[in-house]
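Chemist: sequence first, predicted model second:
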Amino acid sequence: MSQQPPRRRIVLVTGPSGAGRTTAIRTLEDLGYEAIDNLPLSLLPRLLDGPPLSRDLVLGLDVRNRDFSVNALIETLDRLQGMPGIVPDLLYLDCRRDVLLRRFSETRRRHPLAPAEDPEQGIRRECDLLVPILARADMLIDSSDLTPHELRAELQRLFASETGPRLAVSVNSFSYKRGLPRGMDMVLDCRFLRNPYWEPALRGMDGRAGKVATYVAEDARFAAFFDKVLDLTQMLLPAYLEEGKAHFAIGFGCTGGQHRSVAITEKLSQALAEDGWQVSTRHRELERKQSSAPAVIAANSDL
């Protein structure tokens, strides 16, 4: 009985110009993927109809592609999903429009959709054009507040091969004051727990501190809440892995994104890692506090 060739992953990377697509492609190439940037979509069938892929493949696609269109990309996704031996993923690098404009201003590059106009016009056109593709994304990374180094680290956590399950789990804390983070598969509100902010001795700490974590865990409702969340997550992850999902993102929100959500994020991340899952942890509000605005602006210019 002949052995079937291994299933190969094909990651299609797209998103608005300036959001970090080049950084993503180079990072996956460093992880062992075969990388092809700006391949015309009409040539992709010829590539796949040849010999079986010897490596996982990352393809960079954006509006500069010669025959790029939203419909063509969606048709390509549908075709890939029906091909045996292929595991397709659409990775969308997103970014706020004001940040994109700042990056184009810093690099003084022309926008591909507005070469003779203000970059703001091109950014608006491109973001509007890509809305249907954003809706089809399997993975979404918002690079607005990420330096190139942080973006590479996030991609490495998502795509680095591990001996364990090939499902990357990200656990996130955030503040409801700043809105829900994008790309979450499951979001839980932990504002019902008692708030360390009202304890003067704990106010300046965050949920990674032992005293804060203990204070939050001493709430009479904490143990039951955490156990139910852990049970639900442990039930869902194997099902999503079996279904072929590559990434599962969980978000915990509280008022300021500093105490309760951080403590629960840390505790769940540790529990899932001990179960053998590939886990990354991100505290959105703490990262924002740690990064000064000038440093982020300078670093983002290379995305």
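Modeler: Nice, thanks for sending it over. Numbers count the residues shown, from 1 in each chain.
Chemist: okay, the closest residue to Ala209 other than its chain neighbours: pLDDT?
Modeler: The spatially closest residue to Ala209, leaving aside those adjacent along the chain, is Leu202, at 7.8 Å (Cβ to Cβ, 6 or more residues apart in numbering). For every residue, glycine as well, the C-beta is placed using N, CA and C. Reading off the per-residue confidence, Leu202 sits at a pLDDT of 93.
Chemist: repeat for Val296
Modeler: Predicted confidence (pLDDT) at Val296: the value is 36.
Chemist: for the strand or helix carrying Ile133, packing partners?
Modeler: For Ile133, the host element (DSSP states H and E) is helix 131-135. Packing contacts for helix 131-135, counted by 3 or more Cβ pairs under 8 Å, 6 or more residues apart in numbering; DSSP states H and E, involve helix 70-81, strand 86-94.
Chemist: if you count neighbours, what's buried in the first one?
Modeler: Of the residues in helix 70-81, those scored as buried under the neighbour-count criterion (16 or more other Cβ atoms under 10 Å) are 72-73, 76-77, 80.
Chemist: rewinding a little: let's have the helices and strands packed on helix 131-135 in TSV, adding mean pLDDT and distance to Gly179.
Modeler: Written out in TSV, the entries for the helices and strands packed on helix 131-135 read as follows (pLDDT from 0 to 100; distance: least, Cβ to Cβ, whole Å):
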stretch	mean pLDDT	distance to Gly179
helix 70-81	84	27
strand 86-94	88	14
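Chemist: okay if I get the ones you listed as JSON lines plus distance to Leu167?
Modeler: Conversion of the helices and strands packed on helix 131-135 to JSON lines gives the following (distance: least, Cβ to Cβ, whole Å):
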{"stretch": "helix 70-81", "distance to Leu167": "18"}
{"stretch": "strand 86-94", "distance to Leu167": "12"}
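Chemist: between the ones you listed, which one is closest to Thr265.
Modeler: With distances scored as Cβ to Cβ, the stretch of the helices and strands packed on helix 131-135 nearest to Thr265 is strand 86-94 (21.7 Å).
Chemist: note down every partner strand of the closest one and its orientation.
Modeler: Strands adjacent to strand 86-94 in the sheet, as given by DSSP bridges, are strand 8-14 (parallel), strand 139-142 (parallel).
Chemist: centre of the chain to the last one, how far?
Modeler: Centroid separation for strand 139-142 versus its chain: 3 Å, with Cα atoms, centre = their mean, to the nearest Å.
Chemist: now swap in stretch 198-212 and tell me
Modeler: 29 Å.
Chemist: and that stretch, C-alpha only, in CSV?
Modeler: Below are the C-alpha coordinates for stretch 198-212, written out as CSV (Å, rounded to 0.1, in the frame of the first residue of the first chain):
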residue,chain,number,x,y,z
TRP,A,198,-9.9,49.9,44.5
GLU,A,199,-7.1,48.6,46.8
PRO,A,200,-4.5,51.3,47.0
ALA,A,201,-1.7,48.8,47.6
LEU,A,202,-2.6,46.9,44.4
ARG,A,203,-3.6,49.7,42.1
GLY,A,204,-0.2,50.2,40.6
MET,A,205,0.4,46.5,40.0
ASP,A,206,-1.0,44.3,37.3
GLY,A,207,-2.5,40.9,37.1
ARG,A,208,0.8,39.2,36.6
ALA,A,209,1.8,40.1,40.2
GLY,A,210,1.2,37.4,42.7
LYS,A,211,-0.7,39.6,45.2
VAL,A,212,-3.1,40.8,42.5
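Chemist: OK, contacts around Leu48?
Modeler: Leu48 makes contacts with 80, 83, 86, as judged by Cβ atoms under 8 Å, 6 or more residues apart in numbering.
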